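A.B. asks: from the sequence below, what's the structure:
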Amino acid sequence: MKMEQKGSDANLSIIAIGTTLTGEVATAGVVKVEGVVDGNVRADKQVLIAKSALVEGDLYTREAVVGGRVLGSIYAEERVEVEPGATIEGDIITKRLLVQEGGNVNGSIQMGDAKLAEAAKAKRAEHPQQEAAPAVRTIPLKQKTPVRR
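C.D. replies: Numbers count the residues shown, from 1 in each chain. Below you'll find the model as predicted:
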């Protein structure tokens, strides 16, 4: 059964600081990683890697913005942005690439050609998403009320 959500953050999955996720993350929307992921990350729209984040796996998406560390390759159909202080230890295949001053890429880069974007799209299609509930949902803990004596 497919659920449709409306709103600006309808398909946003967040892997929070202090969270370590082992396994593949997949969504039709956007994934923001602030913690650690040991596995591949797949998002139809966008993958955001915060400065505090570490991903040990490949990224498959339309657009990736990396502020933290990725130990794996990035396959992005449209664009990859590497922010200052970010490190990518792997290859990048995309149409457009922006590496800001202080960003590091240690791997090969293929970009610019529409065929490469199609190759990135095909690579993402090789590993289809499983239909499942949202990958990660953070539920805030209720605060304990003090006991009066």
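
A.B. asks: and the helix or strand that residue 45 is a member of, what does it pack against?
C.D. replies: Using DSSP states H and E, residue 45 sits in strand 41-49. The contact analysis (3 or more CB pairs under 8 Å, 6 or more residues apart in numbering; DSSP states H and E) places strand 41-49 against strand 25-27, strand 30-33, strand 59-66. (C-beta placed from N, C-alpha, C; glycine too.)

A.B. asks: just give me the lowest mean pLDDT stretch among the ones you listed.
C.D. replies: Mean pLDDT values for those show the minimum at strand 25-27, a mean of 93.

A.B. asks: sheet partners, orientation included, of it?
C.D. replies: Sheet pairing for strand 25-27, assigned by DSSP bridges, gives strand 41-49 (parallel).

A.B. asks: excluding its backbone neighbours, what's nearest residue 85?
C.D. replies: residue 102 (5.6 Å; CB to CB, 6 or more residues apart in numbering).

A.B. asks: number of residues surrounding that neighbour?
C.D. replies: 10 (other CB atoms under 10 Å).

A.B. asks: the one 4 residues further on now?
C.D. replies: Using other CB under 10 Å, residue 106 has 10 neighbouring residues.

A.B. asks: for residue 49, see how far away the residue lying closest to residue 83 once chain neighbours are set aside is.
C.D. replies: With CB to CB, 6+ apart as the criterion, residue 83 has its nearest non-adjacent residue at 4.3 Å, and that residue is residue 67. Separation of residue 67 from residue 49 (CB to CB, to the nearest Å): 6 Å.

A.B. asks: in stretch 43-56, what's buried?
C.D. replies: Neighbour-count burial for stretch 43-56, counted by 16 or more other CB atoms under 10 Å, picks out 43-44, 46-50, 53-55.
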